[in-house]
Each structure stands twice: as structure tokens, then as C-alpha cells.
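> When you get a sec, could you give me coordinates for this:
(chains A and B)
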Amino acid sequence: MSSLTMRPCGDFRTSYKQDNTIFETTTIKNVAIFAIALLCAAPYLVDAYYLTLFIQISYLGIAALGLNILVGYTGQISLGHGAFFGFGAFASAWLNISFGIPVLLCIPLAGFLTMAVGMMFGLPASRIKGLYLAIATLAAQFILEDFFARADWFSGGSAGSSADPISIFGFVFNSDESFFYIALAALVIMYIWGCNLMRSRDGRAFVAVRDHYLSAEIMGIKLNKYRLLSFGISSFYAGIGGALYAHYLGYVSAEGFTLFMSIQFLAMIIIGGLGSIKGTLMGVVFMVFLPEVLESGVGLMKMTDWGNIPMVVDGLAYIKEMAIGLVIILFLIFEPQGMAHRWAQIKNYWKFYPFSY
Amino acid sequence: MNFELLIQLIVNGLIVGLLYGVVGMCFVLVYKSTQIVNFAQGEFLLVGAWVCWAVLIYLELPFVVGFLLTMAFMAIFGVLLQMIVLRPMIGEPIISVIMITIGLSIFFQALMKWIFGVSAQSYPQVFTTNSIQIFGLNIEAAYLMSTVIALIIMVAFYLFFKHSKYGLAMRATAFDQQIAQSLGISVKQVFAMSWGIAATVSATAGIVIGMVNGVSNSLSLIGIKVFPAVILGGLDSIIGAIVGGLIIGVLENVAEFFDSQYLHVGNMYDIAPFYVLLVILWFKPYGLFGTKDIERI
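The predicted structure follows:
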């Protein structure tokens, strides 16, 4: 689903159905199915290292899609997504340990629990917007972070809590190879759901609220309801992503879910493209590979004579952080619509090759 | 109830609150004149404090010279930041503007960690005595200096905006950019100037806090703590920023006091302002002195 501005000249649609498809052409559909089939074979083809990267992409991607629904489609700002992600992780582990609920059921339950918490913090969102909302969610981030460190009954306090691996009918998904399939399935389900949500009445209402909320209200869209709903859905996605993260690592500690993580989520959707589902995934892939590329770049430099600068080699962790900040700034200045927009432009150039403009 | 401790904490809170007020004032200044919410405010404190530290330690200059050098550096730094990074963002949606300042904040935080390391460093001794007794209360000399500096900055702000040509130009721009432009005010200059002033003044606050607590990355947290203060006072009110800063400064100390004496929850010092923030946003989103947003189609 591309928005109107991204469409090239000469690409007209004649029916509502055409405008509303998930896959614009059959080729795209076939490529998508083929890609998923190919990914199913990935554990037998590629290194375990790439599998861990993919799993990372999948749980971060699910959470980032939630944020894009909130920020990109509904136009609300959230700086507390990292904390909601963490809440999902703790909630799933807590449900599993305290109540003995099977892990597979814990994950959606954790999603709903996070949704409830997200809506609680989103309540002011029905009254405030823009900057004020950004600051309210910032408060949510710090309050939740503090809660994780303190609530021993819920998160295990500073010691953290352990999470069991997922098991279905006695088969335990505790290796990278097996968890890969869970991650892939979750990613595909959540992305298809996200696509469909945006094709539905609610999705269109979100976009209307973003584009001009006063007009939307005049047209009969309940602002409070949709802002709150958007918060809920976004937190639900964050919760699911967090729960997957918890059961993949097997251990959740209170320290990981900082403001920096929330900012990383925001960076992903800005780099990928606000208001684009395809873009979300591109942004996540970019952000997951960025530190890896930097690391191997510095590794290569270390091997040469002139490149072995101790300052660079030792400061790699800081260089990675700086790169994230720099990438956000550069994308916002030079490509504010993100990679999805660039991709659409490249595609259009070749589609109408000699006559494109 | 330990009254002496409570009073000591309240006085400390007022002094720290005055510094929050100064930083909040810079925040409001930038917001009013350029409509940019500066999430990188804390990094101004951080960069300023580190630069001053480096100048004092490596060049071994006297404090006043080093301080003035830092001020000059920060003014140029703020103006350049506005010209290179923020100027292309004029007219972009609010989320982009917020994100770009967040990007700046991450970048400079990491850069400072990279250059100066993560451990806290202390300034060379500036005052001969560490603390002074006033009415039986123990007040650190650096805190006393910070109060004086904060008051000087506030008076200077008042005079600048009331009487100077540039201050009036900035107020005109804050009131209406187009009208200001049509009267021959260079809006570009005003934008750059407000960033320069914000960077310089915040750096002063950073140096003062650094002298008391040592310079470390936690200085950038002040930039976040300013949000409750500014929201409480109203985002576009300079007086509101000062009042909000004082209230938040006292509040976190009082919360800490009641927590340590009765509640034993822990970490109230850092978290209490954010609870207050949520409550304010719930009941009075435009703060005590802020202008209400009235929208027309």
C-alpha cells in the first residue's frame, strides 16, 4: 500500500479494490511468498550468526511496527516504546512463572497486559498532542523503568527474571534454529495483521486523525477513541515483541529498556519511513545491521597498519551510539520520508525508464 | 520529624531549582523564538562542563579565563548547530524537529563519553573554603556562587529582553515571525542568536553543577529533568520556567526526605518530578503561566 504522494505519474488505479490490495502486482506477491519460503530453509543454509540477527530483526520489527502505527499513521509521538517493550518481556515471564500459563499463551496475554498499561499512559493523549504527548510518554518511560527496578514480585527487581523457552506439544524451541521459525511466523502474522489494519475503517480513521484531526472529528471520527486505540495497538505490538525477546534470551534484566531503546525504535521508523509498513522493516534491518557493519569495518581497519588507532578500536561502543544519532540527523535532513520513499523512487525510475521524471 | 534536615533540603532544593530555572529559561527561549523543542538541552550543559574542564586541566588557565573561553566556544557551538542542523528543519513537522534534537543529544552524549570517558571528574579547586555557614545551615561555596550566577543571568535576561535592540527583535519574532520579518528583523539571525544564548547560559549551569557534583555524563539528565519544570510553568513563559524550576527543585528534595523518613520506596529523587509531570498534563496541560492553545479551522 503506497500513499498517494509516492505513486509515479502514469500509475492510475481504476477501482477501489485495486487501491486497497496488499500486493500491488502479482509479481510482488509471488516474490513475497518465495522469500518467505526461502527463509524457511535458512537454518539449513546460513550461519547461526545470521539467524540471531534475523531473530533480532523479527522481535524488534514487531515492536517497531507498533510504533509506526502510532507515530507514522496516527501522528502521535511516543518516547516510551522501549519501556513498553520491556513491560511485555517482564509480563510474559511473570505470567509464565507465577501462574504456570504455557509460554505460547503467555505471549499474547503479555501483549494485552502491555496494551492495558499503554492505554493507561495514553489516557492524557486524548487531551494533549504533539510536544506535550512526547513529554508525557517520556514520563512513562522513566516511571516504568523505575517500576522494573523496584517491583520484585513482577520483574525480579535488580536481579532480573528468567523466562522459559517456548514449547509446543513437548517440542522445546530453545535453539537458534528452532526459534527462528517462531520468530518468522510471528513476524509474518503481525505484519499481515498490520497491513490489514491499515486497510480497514480503523486504519483509515488513524490516517485521518494524523492528517487533520479537526476535520476528522467533524467527519464523525471519535478522536479520543482512535488516539487511545492507536496507543493500545502500538503497546500491544511492543508487548508481543518484548515477550518474544524474553523467551528467546531466556532472561530479562531491568537495565536494558532505557530511553535509548525508545529512541532506537523511533530511529528505525524514521529511517525506514513514517507511515509505511514496508519501510518499518527496512528501517529495522538497517538499524540491526548498522552496528554489525561498523564492527566489521573497525575489524578490517585493525588489520591494516595505518588503521589500528587505539582510540577508534577501544571506543567502538561509543562510535556505534554516535552513528545512531548521526544517522537520525542525516536521514531527517536529506531523506525525511525514509528508505521506503527512496525505494519507491528507484522502482519508479526503472518502471517508466526512458520517460520517467 | 527532623526539621533541620528538612530545612537544609529545602534550601538545597531552592538552589538547585534556581539552576533548573536557568536551564528551563534557555529551553523556553529556544521554544518561543524558534518553535523547536530542544531535547539536546542537557547536552549543552554536558559539552560546556567538559570543555571548561579540559581547558582548566590541560591548558592550566585560571578559572575566570577558562570560563570565558568556554562561553565563547559555546556561543559559536550553539550558532553553528542552529545553522547546520536546525535550519534545514524549518517548516518540518514537529516529530521531525523533536527527533533531530534527540539525534543531536545521542550524538553528543556518545561523543563526550568517547573523548572524556565515563567516570566522573572533578574541577580543580576554585574556592578556598568548601562550605559556608549561613543561619546555621551548611551551604557549599559553589552552590552560593551558583545562586549568584543564576540571579545575575536572570537579571541579564530581563534587561536584555526589555531594553536591548536584539532582545526586542527576539520578542517580536516570538510574537509573529512574518510581521517581524516585514519590519526588517532578520529572523535567521534571531534564530541563531537564541541558540547561541541558550548554549552559553546552559553551559554556565553545567559548569556550576559540575563544580559541585563533578563532571560526568549524568549532567545531561538535567536536560530531561527540566521538562517537568517547564511544563509546570507553561512552555512559553520565562517566569513560568523559573517558578517551575524552583518548585521541582524543592519537590524532589522534599520527596526524597519523606521517602527516606517514612515511605522507604527509594529513588524518589529522580522519579517524583515525572509523577508530578503526568498529573499536571492530566489536569492543566498548559501549565501555570502558559498560553492556552486555541485552534481554528
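> so after whichever strand or helix holds B:Thr204, what's the next helix or strand?
Taking DSSP states H and E as the definition, B:Thr204 sits inside helix B:187-213. Using DSSP H and E, the next helix or strand after helix B:187-213 towards the C-terminus is helix B:220-233.
> residues of the helix or strand following that next one that come out buried?
Next along the chain after helix B:220-233, taking DSSP H and E as the criterion, comes helix B:238-258. Judged by neighbour count (16 or more other C-beta atoms under 10 Å in any protein chain shown), helix B:238-258 contains these buried residues: B:238-257. C-beta: built from backbone N, CA, C; applies to glycine.
> Could you name the helices and strands sitting against helix B:238-258?
helix B:3-34, helix B:141-163, helix B:220-233, helix B:268-283 (3 or more C-beta pairs under 8 Å, 6 or more residues apart in numbering or on different chains; DSSP states H and E).
> average pLDDT across that helix?
Mean pLDDT, computed over helix B:238-258, is 88.
> and if you look at stretch A:144-153?
The average pLDDT within stretch A:144-153 is 84.
> ok, how many other residues are close to A:Phe154?
16 (other C-beta atoms under 10 Å in any protein chain shown).
> any idea how far it lies from A:Ala254?
Distance, A:Phe154 to A:Ala254, using C-beta to C-beta, to the nearest Å: 10 Å.
> Could you pull out the residues contacting both of those two?
The contact sets of A:Phe154 and A:Ala254 overlap at A:Phe148 (C-beta atoms under 8 Å, 6 or more residues apart in numbering or on different chains).
> so of the helices and strands packed on helix B:238-258, which one's packed in deepest?
Mean neighbour count, computed with mean count of other C-beta atoms under 10 Å in any protein chain shown, is highest for helix B:220-233 among the helices and strands packed on helix B:238-258, reaching a mean of 26.
> orientation of that one relative to helix B:238-258 in degrees?
110 degrees (axes from the mean of the first three to the mean of the last three C-alpha atoms, to 10 degrees).
> which secondary structure elements does helix B:220-233 contact?
Judged by 3+ C-beta pairs under 8 Å, 6+ apart, helix B:220-233 is in contact with helix A:130-150, helix B:3-34, helix B:41-58, helix B:94-116, helix B:187-213, helix B:238-258, helix B:268-283.
> ok, now with 6 Å
Contacts defined by 3 or more C-beta pairs under 6 Å, 6 or more residues apart in numbering or on different chains; DSSP states H and E place helix B:220-233 against helix B:3-34, helix B:41-58, helix B:238-258, helix B:268-283.
> What mean pLDDT does it get?
86.
> and that helix, C-alpha only, in CSV?
Extracted in CSV, the C-alpha atoms of helix B:220-233 (Å, rounded to 0.1, in the frame of the first residue of the first chain):
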residue,chain,number,x,y,z
SER,B,220,22.7,15.5,30.5
LEU,B,221,19.9,14.2,32.8
ILE,B,222,19.3,17.8,33.9
GLY,B,223,18.1,18.5,30.4
ILE,B,224,15.4,15.9,30.9
LYS,B,225,14.6,17.0,34.4
VAL,B,226,13.9,20.4,33.1
PHE,B,227,10.8,19.1,31.2
PRO,B,228,8.7,18.8,34.4
ALA,B,229,9.7,22.3,35.4
VAL,B,230,9.0,23.8,32.1
ILE,B,231,5.7,22.0,31.7
LEU,B,232,4.6,23.0,35.2
GLY,B,233,5.4,26.7,34.4
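> Give me the contacts around that helix.
A:135, B:20, B:23-24, B:27, B:41-43, B:45-46, B:109, B:240-241, B:243-245, B:248, B:273, B:276-277, B:280, B:287-289 (C-beta atoms under 6 Å, 6 or more residues apart in numbering or on different chains).
> Quick check: A:Val298 vs A:Glu292, distance?
From A:Val298 over to A:Glu292 the distance is 11 Å, taken as C-beta to C-beta.
> Pick out whichever of those two has more residues nearby.
Remark: of A:Val298 and A:Glu292, A:Val298 carries more neighbours, 18 against 14, as counted by other C-beta under 10 Å.
> Secondary structure element for that one, which one?
Using DSSP H and E, A:Val298 sits within helix A:277-303.
> buried ones in that helix?
By 16+ other C-beta under 10 Å, the buried positions in helix A:277-303 come out as A:277-288, A:290-291, A:298.
> next one: stretch A:167-174
Within stretch A:167-174, the residues that qualify as buried are A:Phe173, counting by 16+ other C-beta under 10 Å.
> swap in stretch A:203-218?
Of all the residues in stretch A:203-218, those buried under the rule 16+ other C-beta under 10 Å are A:203, A:205-210, A:213, A:216.
> Give me the mean pLDDT for stretch A:320-327.
The predicted model gives stretch A:320-327 an average pLDDT of 91.
> residues making contact with that stretch?
A:267, A:291, A:294, B:103, B:106-107, B:110-111.
> With distance to A:Ala243 and pLDDT added, can I get the residues you listed in a markdown table?
Listed next are those as a markdown table, based on distance: C-beta to C-beta, whole Å; pLDDT from 0 to 100:
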| residue | distance to A:Ala243 | pLDDT |
| --- | --- | --- |
| A:Ala267 | 22 | 91 |
| A:Pro291 | 24 | 89 |
| A:Leu294 | 29 | 88 |
| B:Gly103 | 29 | 92 |
| B:Ile106 | 27 | 91 |
| B:Phe107 | 32 | 93 |
| B:Ala110 | 30 | 91 |
| B:Leu111 | 35 | 91 |
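> Which members of these are classed as buried?
By neighbour count, with 16+ other C-beta under 10 Å, the contacts of stretch A:320-327 hold A:267, A:291, B:103, B:106-107, B:110-111 as buried.
> Can you pull out the low-pLDDT segments for the stretch 1-150 of chain B?
The stretch 1-150 of chain B contains residues with pLDDT under 70 at B:1, B:126-131, B:134-137.
> How about the residues of it by chain A?
B:37, B:88, B:94-96, B:98-100, B:102-103, B:106-107, B:110-111, B:113-114 (C-beta under 6 Å from any C-beta of the partner chain).
> Could you find the closest non-adjacent residue to the residue in the stretch 151-297 of chain B positioned nearest to chain A?
Residue of the stretch 151-297 of chain B nearest chain A, by C-beta to the nearest C-beta: B:Phe274 (4.1 Å). The shortest distance from B:Phe274 to any non-neighbouring residue, by C-beta to C-beta, 6 or more residues apart in numbering or on different chains, is to A:Ala139 (4.1 Å).
> Now do the contacts for that neighbour.
Counting by C-beta under 6 Å, 6+ apart, A:Ala139 has contacts B:274, B:277-278.
> Noted, bye for now.
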